[in-house]
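Peer 1: return a 3D structure for these sequence lines:
(2 chains)
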Number of protein chains: 2
Amino acid sequence: MTQSLEQLRGEVDALNRQILELLSRRGEVVARIGQLKSEEGQRHYDPSREDQQLRELVALNPGPFSDATVKAIFKEIFKASLNLEEVNDKQVLLV
Amino acid sequence: MTQSLEQLRGEVDALNRQILELLSRRGEVVARIGQLKSEEGQRHYDPSREDQQLRELVALNPGPFSDATVKAIFKEIFKASLNLEEVNDKQVLLV
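Peer 2: Next up, the predicted model:
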């Protein structure tokens, strides 16, 4: 153990920033999906598509998080994404 | 809108995989932090360190997610990380 707590925290901070960037890019793509679905009159919530993503993530999970933990984190991301789709939908309706 | 739903979903899947990879790397670093804290007899839960991370993330948040949403997602990540630290701590104690 040669790394100090400060060095390790610096690594966590750098990873946080990269995760935030990817989450935000994912948010932009999901917003476009939301617009597309609205234009086509499709419903936003799609549990089978969420299951498909969770299955792929669990299959790829390298650890150290358990599969259940990976699912819990991504379900929080899905919830946020659905809110984003629905907010955009309301904005479309207001135009 | 030239991209199809399938293309956009492919982008989401690619981002999911990258997010999982970064989350897992973050998990590894946090596990090392947990070991270091255990060796030094420090407590794992550190609300001021969590607040520091949340403040930085909110300051950097480029959207489209709201600050509250970014915080909710990262709090789920913190919770998972703390579980990981504590599990490792118990493993250290069992040795």
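Peer 1: now the residue positioned nearest the centre of chain A. Nearest residue, chain neighbours left out?
Peer 2: With distances taken as Cα atoms, centre = their mean, A:I77 lies nearest the centre of chain A, 3.7 Å away. Leaving aside its sequence neighbours, A:I77 sits nearest to B:I73 (Cβ to Cβ, 6 or more residues apart in numbering or on different chains; 5.9 Å). No exception for glycine: its C-beta is placed from N, CA and C like everyone else's.
Peer 1: is it true that the one you found touches A:F78?
Peer 2: No. Taking Cβ atoms under 8 Å as the definition, B:I73 is not a contact partner of A:F78, at 10.4 Å.
Peer 1: distance of A:D67 relative to chain B?
Peer 2: The gap separating A:D67 from chain B is 11 Å, by Cβ to the nearest Cβ, to the nearest Å.
Peer 1: got the buried residues for the lowest-mean-pLDDT helix or strand in chain A?
Peer 2: Least confident helix or strand of chain A, by mean pLDDT, DSSP states H and E, is helix A:67-94 with a mean of 83. Neighbour-count burial for helix A:67-94 flags A:69-71, A:73-74, A:76-78, A:80-82, A:84-85, A:88 (criterion: 16 or more other Cβ atoms under 10 Å in any protein chain shown).
Peer 1: same for it, what does it pack against?
Peer 2: Judged by 3 or more Cβ pairs under 8 Å, 6 or more residues apart in numbering or on different chains; DSSP states H and E, the packing partners of helix A:67-94 are helix A:5-39, helix A:47-60, helix B:5-39, helix B:67-94.
Peer 1: change it to 7 Å
Peer 2: Other elements packing on helix A:67-94 under the criterion 3 or more Cβ pairs under 7 Å, 6 or more residues apart in numbering or on different chains; DSSP states H and E are helix A:5-39, helix A:47-60, helix B:67-94.
Peer 1: what does the shortest one rub up against?
Peer 2: Contacts of helix A:47-60 from elsewhere in the structure, counted by Cβ atoms under 7 Å, 6 or more residues apart in numbering or on different chains, are A:D67, A:V70, A:K71, A:F74, A:F78, B:D13, B:N16, B:R17, B:L20.
Peer 1: make it 10 Å
Peer 2: Under the criterion Cβ atoms under 10 Å, 6 or more residues apart in numbering or on different chains, residues A:33, A:46, A:66-68, A:70-71, A:73-75, A:77-79, A:81-82, B:5, B:9, B:12-13, B:16-17, B:19-21, B:23-24 lie in contact with helix A:47-60.
Peer 1: figure out how far it is from the centre of its chain.
Peer 2: Relative to its chain's centre, helix A:47-60 lies at 12 Å (Cα atoms, centre = their mean, to the nearest Å).
Peer 1: swap in the last one?
Peer 2: A distance of 7 Å separates the centroid of the chain from that of helix B:67-94, by Cα atoms, centre = their mean.
Peer 1: give me the angle between that helix and helix A:67-94.
Peer 2: Angle, helix B:67-94 to helix A:67-94, by axes from the mean of the first three to the mean of the last three Cα atoms, to 10 degrees: 180 degrees.
Peer 1: all set now, cheers.
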